[in-house]
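# Build me a model:
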Amino acid sequence: MEQNENQDSIRERIRTYAFDLKLPLIRRDIDLLIQQGLDEQWNLWMFTAELLRREKENRSENQRRHRIKNAAFPQLRYLNEIDTDALPPEARKALPNLETLDFIKEGRNLILYGNPGTGKTHLATALGIATCNAGYSVLFTSVPRLLTQIRECRNAMTLRALENKFERYDMVICDEFGYVSCDKAGAEMLFNHLSLRTDKKTTVITTNLAFNRWDEIIADKVLVTAMVDRLTHKAILLNMTGKSY
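This is a model prediction of the structure:
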């Protein structure tokens, strides 16, 4: 560094270094940080620590927003928005434990079943966003959309890439199970896809149908039994039957 280099030149070098190193907050706020350091009489150690702390927080926040965006939630719903008094009794009782996200750490599935309008998708979405906020990766999809995606990838011979990506998510929310029926081939594809995550990662299912009615949407009863056994193994089963709101 040249001893007689002027302040503007140094500022531009700092911004260039920050750009090259992908440090956007430093590039944007260096003048404000320097002025704050002068006003509060920080030493060089304090200034450096504060500079890096803010950059780290900025990066963490950007990553959090990126996880929520990539999850593809149809709407943003949060746990603090849930009217617990309106939840079915079983869900109201289970909510505090679900909010700890321990079931994510344990790789347990969560099945939300019950009549329409009782908050299944709202609760699943809110838990998904809380999971993103905690640093985990999440995918929100509907069962019809997932089946369409599997078929398209199989036809394009990119199914393995889809499976690898699907398997890595910390949480996958499959909404609207039972909304439409599927033939045997579709049911087998769905079963194989969901089985990739068994005992490893969390899958959340929302459905309006109790398990004894799944044969209404999947004609193969043997496959229905296998799917129920696979999805419910070590799962949290939450009866969301109640008044629609």
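# So which elements touch the helix or strand hosting I129?
Element membership for I129 (DSSP states H and E) is helix 120-133. Applying 3 or more CB pairs under 8 Å, 6 or more residues apart in numbering; DSSP states H and E, one finds that helix 120-133 contacts helix 44-71, helix 89-99, strand 110-113, strand 138-142, strand 171-177, strand 202-207. Where C-beta positions appear, they are placed from N, C-alpha and C, glycine not excepted.
# ok, now with 10 Å
Helix 120-133 sits against helix 44-71, helix 89-99, helix 102-105, strand 110-113, strand 138-142, strand 171-177, strand 202-207, with contacts defined as 3 or more CB pairs under 10 Å, 6 or more residues apart in numbering; DSSP states H and E.
# buried sites along that helix?
The neighbour-count check on helix 120-133 (16 or more other CB atoms under 10 Å) flags 120-132 as buried.
# In JSON lines, list those along with pLDDT.
Output for the buried residues of helix 120-133, formatted as JSON lines (pLDDT from 0 to 100):
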{"residue": "K120", "pLDDT": "93"}
{"residue": "T121", "pLDDT": "94"}
{"residue": "H122", "pLDDT": "94"}
{"residue": "L123", "pLDDT": "96"}
{"residue": "A124", "pLDDT": "97"}
{"residue": "T125", "pLDDT": "98"}
{"residue": "A126", "pLDDT": "98"}
{"residue": "L127", "pLDDT": "98"}
{"residue": "G128", "pLDDT": "98"}
{"residue": "I129", "pLDDT": "98"}
{"residue": "A130", "pLDDT": "98"}
{"residue": "T131", "pLDDT": "98"}
{"residue": "C132", "pLDDT": "98"}
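# Just give me the closest of these to R11.
Distance ranking of those against R11, using CB to CB, places C132 first at 36.1 Å.
# So L159 is in contact with M189, correct?
Yes: contact criterion CB atoms under 10 Å: L159 and M189 qualify, at 9.0 Å.
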